[in-house]
Structures are given as structure tokens and as C-alpha cells.
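**Q** predicted model, plus sequence, below.
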Amino acid sequence: MNRQHSVFSGIQPTGELHIGNYLGAIANWVKLQDEYECTYCVVDLHAMTMPYEAATLRRNIENMLIDLLACGIDPARAILCVQSMVPEHTELTWIFSCVCSYGDLTRQTQFKDKVDQLEDTQGAFISAGLFTYPVLQAADILLYRADYVPVGKDQEQHLELSREIVRRFNFQFGEYFPEPQVLSTETPKVLSMADPTRKMSKSLGPKHYIGLFEDEKGVRSKVKSAVTDTGAGDLEKMSPGVENLFSLLRATGKVDTHNALMQEYKAGNRRYAPLKDAVADALVELTGGLRARRAEIAADPAAVWKLVGEMSARAREKANVTLREVRQRVGLPLR
Ligand code: TRP
């Protein structure tokens, strides 16, 4: 146990999780609880930076909390909070926005990508919040003085900006914050079922992803129709669809089955029905277990909010230790 080091990560409440989110990220969050002091946060304020509806956001926050608890984020070992319930996130954001350079923000590729995406829609509105999004992210992480941040490749530039903010803050106001590092753990990259040249993503459409709480019928039909290859063509190189199926088997812990089927593949067997059956069984087992836990938790939303309220209060205590120190350093009066 490495309780001296702390981990922080955030997830946007964007609706239904899929097996790619779980196997690629959340399962790792669950594991990290044993090794580090972990804080996980449903970042509702970040979800406001793109056009959205209030009722949907409200529903998605609750659903994401329930999803994460069902996945095994454990209030006894980690903090699970809602970003907006810890108002210190926004206060530190303002202070950080004054040690973050405008030029650095203009160079963030995620901002540019989202602007492109919005400009394609009618009546595009680009919020200032979208522009300062990475400052809020830096505040999320540094409020808890986190050492490690488990995130995917797409967030590396944001992490680099967080470190730049830390360097400028420390230079101007004295060494205080650690420079947060990306914690990259070997996690499988789960590909789309219908187009395995792309990452599994909800935005591609329902045929492309398997929901984390999807029922048996849905899981089996999507695995059955997963794109593989025709068994012809280049037999030396495994096709992305087949690789995806093997990787799902390994990620769900079916190592023996994986190895046996891989041996057959290497011996020249290009019949994928047994592989698909094995993957479907493994995913039905996974989603079935998670669905049962989720139903139990979802039966009592008041209990979920009570728990999350308590955890957010704990988060605030930690946050206020940092903010007190920061206010003093930057020349603001103490409250
Ligand atoms: N930007 C992250 C994403 O889209 C979410 C996020 C917000 C985050 N704040 C964070 C991730 C702090 C890690 C740490 O995935």
C-alpha cells in the first residue's frame, strides 16, 4: 500500500457507460483504491461547457454516481464526490486562471476539436467555459495535491498544462504543489464492434458499443454480429476485429480460454464462432453481475445522495486545507 501518494481522476456525467469505459478506465480506478489514496469526481461543471439540457445533466449525475458505485468505487476506501458539491474547485479555478497563460489555452487541441465540432452545428455557441475547461481540470487535480492522474492519451496535453500551472504558481508564490503525473496503466483499448478500426464510442451509434449494464440479449447479438474478417487475405496479420475479441477475453479475465483459442488461431483456424461465444459468455457474466449490483444501489437514490454528500464533505475538508494555504500565498485575506 502506497498511501503516501494520492490519485485523482474525473469523469463527465455523459450518460450510459460502455464496456470500453469500464475495461479501459474504471476497472483500473477500482484497482487503484488498494494502492493509493484515491479521489474520484463526477465532473458536472465540465459537462456544462458544451450545449446541454438541465434535466439531462441532473439525471446523468445521479446515474453516473450509481454506475461508479456499482462498478466497485468503495466509499470505505476512496472518496467519490460531485465536483459542484465541492465549491472549492471553482475558487481554485479562478486563482489558477490567473497563473495560466492565454496562449497555452489557445493551443489546446481538445478545445480546437470541439470548436470545429460546434461550428458544424447550427447556431454554434462557443462558451468561455469550453476555453477555460483545462484550468478547471488543473484545479480538480491540485485541490487534492494529487501526484497521479489515471487518464488516457487524449488527456495528456491537459496534464501538461496542469504541470505548467504548477510551475508558474510555485515559481511566483513558493514551492507548494507537486507536478501531477499521468498514471498510465496497461489497459486494453476496446474497439467498436461494428467498425473495429475505431475506438468504441457511444457517438458512433448503438451498433458500435456494448453498454456496461446491457442485457444478455443485446450483448449476445452485438458480439455475434461483430466485424471480424473473412478468413482470407493476409493470414500473418490478425485483423483489428479479431484482435479486439481476443483482447476482450483477456480483459475479462478469461486467460485460459484466450490462450487455447489463440493457439487454434495460430494453427490456422479461422472459424470465429467459438471465439465469439467465449467473448459473449464473458461479457454476459460481467454485465449481469454489474447489472444486479446496480439495481440494488439504484433502488435507494436517497441513500446514494446521503453517501455522496458525506464524501463531498470529506473532500471539502481536504480542499480547504489547500485553499487556505493558497489564499495566503497569493495574497488574499483569510476567511
Ligand atoms: N477532461 C477529462 C475527460 O474528459 C475529465 C476530467 C475533468 C478529469 N477533470 C479531471 C480527468 C481531472 C482527470 C483529472 O476525460
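**A** Alright, I've got the coordinates.
**Q** host element of the closest residue to Leu143 other than its chain neighbours?
**A** Spatial nearest neighbour of Leu143, excluding adjacent residues (CB to CB, 6 or more residues apart in numbering): Ala319 at 4.8 Å. Glycine gets a C-beta too; all of them are placed from N, C-alpha and C. Secondary-structure assignment from DSSP states H and E places Ala319 in helix 301-330.
**Q** got the contact list for the residue nearest to Leu143?
**A** 86, 88-89, 92, 143-144 (CB atoms under 8 Å, 6 or more residues apart in numbering).
**Q** between those residues, which is closest to the ligand?
**A** Within the contacts of Ala319, the smallest distance to the ligand is 9.0 Å, found for His89 (CB to the nearest ligand atom).
**Q** quickly list what the closest residue to Ala146 other than its chain neighbours is bridged to.
**A** Ranked by CB to CB, 6+ apart and with sequence neighbours excluded, the top spatial neighbour of Ala146 is Phe8, at 3.6 Å. As for beta bridges, Phe8 partners with Thr39 under DSSP bridges.
**Q** gap between the residue nearest to Leu143 and Arg271?
**A** Ala319 is 56 Å from Arg271, where distance means CB to CB, to the nearest Å.
**Q** could you point out which element follows the one helix or strand Glu243 maps to?
**A** Per DSSP H and E, Glu243 falls inside helix 240-251. Sequence-wise, the next helix or strand downstream of helix 240-251 (DSSP H and E) is helix 255-266.
**Q** just how off-centre is that following helix within its chain?
**A** 30 Å (CA atoms, centre = their mean, to the nearest Å).
**Q** stretch 30-48 too?
**A** How far stretch 30-48 lies from its chain's middle: 8 Å, per CA atoms, centre = their mean.
**Q** buried sites along that stretch?
**A** 30, 32-33, 36-48 (16 or more other CB atoms under 10 Å).
**Q** and the chain, which of its residues are near the ligand?
**A** Residues of the chain lying close to the ligand by CB under 6 Å from any ligand atom are 8-10, 12, 43, 46, 137, 140-141, 149, 151, 155.
**Q** again, only using 5 Å
**A** 9-10, 43, 137, 140, 149, 151 (CB under 5 Å from any ligand atom).
**Q** which of the residues you listed lies closest to the ligand?
**A** Gly10 (3.1 Å).
**Q** could you check how far that closest one is from Gln83?
**A** From Gly10 across to Gln83, the span is 7 Å (CB to CB).
**Q** so what's in contact with the two at the same time?
**A** Joint contacts of Gly10 and Gln83 (CB under 8 Å, 6+ apart) are 41-43, 46, 140.
**Q** tell me which two of these sit farthest apart.
**A** Val42 and Asp140 (11.0 Å; CB to CB).
**Q** mutual contacts of the two, please.
**A** Common neighbours of Val42 and Asp140, using CB under 8 Å, 6+ apart, are 10, 83.
**Q** quick one, what contacts Ser9?
**A** Here Ser9 is in contact with 25, 29, 38, 40-41, 149-151 (criterion: CB under 8 Å, 6+ apart).
**Q** one more time with 10 Å, if that's ok
**A** 25-26, 28-29, 32, 38-41, 43, 140-141, 146, 148-151, 155, 183 (CB atoms under 10 Å, 6 or more residues apart in numbering).
**Q** test my guess that Leu204 contacts Thr197.
**A** No. At 11.1 Å, Leu204 does not count as touching Thr197 under the criterion of CB atoms under 10 Å.
**Q** neighbour count: Gly10 and Gln83, which is higher?
**A** Higher neighbour count among Gly10 and Gln83: Gln83, with 25 against 22, using other CB atoms under 10 Å.
**Q** which regions of the stretch 1-150 of the chain sit below the pLDDT cut-off?
**A** Within the stretch 1-150 of the chain, the ranges that satisfy pLDDT under 70 run 1-3.
**Q** again, only this time at 90
**A** Residue ranges of the stretch 1-150 of the chain with pLDDT under 90: 1-4, 117, 119-124.
**Q** all strands for it, in order.
**A** Taking DSSP state E, counting those that start in this stretch, the strands of the stretch 1-150 of the chain run over residues 6-11, 37-42, 78-82, 148-149.
**Q** identify the neighbouring strands of the third one in the sheet and state each direction.
**A** Each strand paired with strand 78-82, and its direction, by DSSP bridges: strand 37-42 (parallel).
**Q** please save the CA atoms from the partner strand in CSV.
**A** Taking Å, rounded to 0.1, in the frame of the first residue of the first chain, the C-alpha atoms of strand 37-42 are listed here in CSV:
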residue,chain,number,x,y,z
GLU,A,37,-5.3,7.5,-1.5
CYS,A,38,-7.9,8.0,-4.3
THR,A,39,-10.4,10.7,-5.0
TYR,A,40,-12.8,10.3,-7.9
CYS,A,41,-15.1,13.0,-9.1
VAL,A,42,-18.1,13.3,-11.3
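**Q** show me the contacts for Gln181.
**A** 5, 146-149, 159, 162-163 are the contacts of Gln181 under CB under 10 Å, 6+ apart.
**Q** how does the protein divide up, domain by domain?
**A** The chain breaks down by automatic domain parsing into domains covering 6-188+300-330, 202-295.
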